[in-house]
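1. Got a predicted model here, sequence first, then my questions.
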Amino acid sequence: MTESDFIELIIEGMSTILHPAEAYALVLKEVGGERRLPVIIGAHEAQSIRVIMANYKFPRPLTHDLMVNLMEKMDIHMKKAVIYKVEEGVFYSYIYMEYQGEEFKLDARTSDAIALALRCGVPLYTLRTIMEHDHMSEDAEGHTSVTVNTVDLPELKRALEKAIRTENYELAASLRDEIRRREEEQKQ
């Protein structure tokens, strides 16, 4: 991959509570652009990210702070975090590290990659293909939508129920087809 395959992201904000109550939407925005990428994270992960965004210091280190302290002690340097895949509502990330002149990458939960990137002051990226396919969009009335790829199966089922209740049958058919496709994949 080349540099042009990556888009740098910044945190635009974090929602208040979603349903279920322990989920938050972390909205990432491309640097120098308007597209946004929504990442659903848990309450503990949200707290860890909010703490660093607010520049708050707990009297005792949180898990991500402990990791950064260990990296500093071992002279390991984080270089960047990259969201490299989105599949059925799950974002996949790597953290890129350097130790004694050798670079390596580790698979990480996206919320952990973001929390560490913030603490280490390194950039966060996603692939251009992810941003082009999975970004949030807004219609003329100001309603925000995301692609079905960034939503998990239970959320798709709730959206299907709502589409049927509101008699939006075109959307319901599309959601039904995506649900069937995913359920078939799970059987294999």
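-> Received it, and whenever you're ready, just let me know what you need. Bear in mind the structure is a predicted one, so any value in this text is a computation, not a measurement. Numbers count the residues shown, from 1 in each chain.
2. Any buried residues in stretch 106-121, and which?
-> For stretch 106-121, a neighbour-count test (16 or more other Cβ atoms under 10 Å) marks 108, 110, 111, 112, 113, 114, 115, 116, 117, 118, 119, 120 as buried. Just so you know, the C-beta spots here come from the backbone N, C-alpha and C atoms, and that holds for glycine as well.
3. show me where the protein has helices.
-> Counting by DSSP state H, the chain has these helices, from start to end: 43-53, 63-73, 110-120, 128-134, 153-165, 169-187.
4. how about those, which one is nearest residue 99?
-> Distance to residue 99, taken as Cβ to Cβ, is lowest for helix 63-73 among the helices of the chain, at 9.1 Å.
5. Residue 89 against residue 155, yeah?
-> Yes: using Cβ atoms under 8 Å, residue 89 is in contact with residue 155, at 6.8 Å.
6. Now do the longest strand along the chain: distance to the chain's middle.
-> If you go by DSSP state E, the chain has its longest strand at strand 76-87. Centroid displacement of strand 76-87 relative to its chain, using Cα atoms, centre = their mean, to the nearest Å, is 11 Å.
7. Show me what it packs onto, helices and strands only.
-> If you count contacts as 3 or more Cβ pairs under 8 Å, 6 or more residues apart in numbering; DSSP states H and E, strand 76-87 packs onto helix 63-73, strand 90-99, helix 110-120, strand 124-127, helix 128-134.
8. mind putting those in CSV, mean pLDDT included?
-> Listed next are these as CSV, based on pLDDT from 0 to 100:
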stretch, mean pLDDT
helix 63-73, 95
strand 90-99, 95
helix 110-120, 96
strand 124-127, 96
helix 128-134, 86
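9. okay if I get these as JSON lines plus distance to residue 34?
-> What follows is the helices and strands packed on strand 76-87, written out as JSON lines (distance: least, Cβ to Cβ, whole Å):
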{"stretch": "helix 63-73", "distance to residue 34": "29"}
{"stretch": "strand 90-99", "distance to residue 34": "20"}
{"stretch": "helix 110-120", "distance to residue 34": "20"}
{"stretch": "strand 124-127", "distance to residue 34": "15"}
{"stretch": "helix 128-134", "distance to residue 34": "11"}
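10. No further queries at this time; thank you.
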